[in-house]
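**Q** Here's my sequence, what's the structure:
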Amino acid sequence: MIYEKQSVFCKLINNTSVNNEIFRLDFIWQGNAQAGQFFMVKPKRSAVFLGRPISMALRENDTVKFLIARRGRGSLELASMRPGEEAELIGPLGNAWADFLPVEKNGKPIALIGGGIGIAPLHALLCEDSGFKFDLYAGFRTGFKNMDEQQSLFGAASSKAENIILSTEDGKTGKKGLIPDYLEPEKYAAVCACGPEPMLKAVAARCSVFGVPCFVSLERRMACGVGACLGCTVQTVNGNRRCCADGPIFNADEVIFDE
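**A** Have a look, this model is predicted:
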């Protein structure tokens, strides 16, 4: 299903700091959207020209929620927003996980693998009524300070996932190491992944060995978000594609990952 794109100024109702790197924004949004889609988001009071592409982390009732990493000028503007302020939301944009999920469930669950802020569009999928069972794999550089931080990041995913496998590079929380190392693709009907590209490449390689379908949500710098500027190129075996208009989700078998 494709939802009609809108450009609307939406009121912020909540700005929550998850930790020093990640924050969550909740906006009033009366449209529809599917897990995996994204919005171009720009505060009404802004010194930047273009909005920032942000994957939807959850849509419920009349709200849409985003998990955002503090990275540059645009995201820091968003982080400084106060409840009651407005931002322009253009979307929903791009394709959705539902476009890729297998028709036949064959009794196996689907693995969702998120690296860092890549957990956001997977959280949205967990909260959709897709009829599938999911295991959530989540990898981070360092452990959580406390359970409140962990719960704030995972939100409803804590109860929606059948199993949660957590790893951190420093071993402070969950298993120690990189999350792809703990994936057993043969257990799953398909794998959906979002996160740093080296992680996606490793996940895709493991899935390829077992012939398990793997779908990846990619991140690129975007200007327009609708495919007009051709600035978010993804190299594939079928030629260059646009991350915003042809993605952001691609079949991993088609993506040519950087060496």
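
**Q** which SS state does the closest residue to Lys201 other than its chain neighbours fall under?
**A** Nearest-residue entry for Lys201: Phe257, 4.1 Å, with adjacent residues in sequence omitted and distances by CB to CB, 6 or more residues apart in numbering. All C-beta atoms are positioned from the backbone trio N, CA, C, and that covers glycine. Secondary structure for Phe257, judged by DSSP: H, G, I helix; E, B strand; the rest coil, is coil.

**Q** how many neighbours does Phe257 have?
**A** Phe257 has 15 neighbours, counted by other CB atoms under 10 Å.

**Q** Next one: it relative to Phe49, how far apart?
**A** According to CB to CB, to the nearest Å, Phe257 and Phe49 sit 31 Å apart.

**Q** Can you say which helix or strand has Gly74 in it?
**A** Gly74 belongs to helix 73-79 when assigned by DSSP states H and E.

**Q** for the next helix or strand after that helix, packing partners?
**A** Using DSSP H and E, the helix or strand that directly follows helix 73-79 along the chain is strand 86-93. In terms of contacts (3 or more CB pairs under 8 Å, 6 or more residues apart in numbering; DSSP states H and E), strand 86-93 is packed against strand 6-17, strand 22-28, strand 38-43.

**Q** buried stuff in strand 86-93?
**A** Glu86, Ala87, Glu88, Leu89, Ile90, Gly91, Pro92, Leu93 (16 or more other CB atoms under 10 Å).

**Q** Looking at the residues you listed, which two lie furthest apart in space?
**A** Within the buried residues of strand 86-93, two members stand farthest from each other by CB to CB: Glu86 and Leu93, at 19.3 Å.

**Q** For the nearest residue to Gly115 once chain neighbours are set aside, give me phi and psi.
**A** Excluding its sequence neighbours, the residue lying closest to Gly115 (CB to CB, 6+ apart) is Gly195, at 2.4 Å. With angles defined as degrees, to the nearest 10, Gly195 sits at phi 160, psi -160.

**Q** residues in contact with Gly195?
**A** Each residue near Gly195 by CB atoms under 8 Å, 6 or more residues apart in numbering is listed here: Ile113, Gly114, Gly115, Gly116, Ile117, Gly118, Ile119, Gly139.

**Q** can you do 10 Å?
**A** 113-119, 122, 137-140, 179-180, 203, 216-217, 219 (CB atoms under 10 Å, 6 or more residues apart in numbering).

**Q** buried residues in the lowest-mean-pLDDT helix or strand in the chain?
**A** The weakest-scoring helix or strand in the chain, judged by mean pLDDT, DSSP states H and E, is helix 147-154 (a mean of 72). Within helix 147-154, the residues that qualify as buried by neighbour count (16+ other CB under 10 Å) are Glu149, Gln150, Ser152, Leu153, Phe154.
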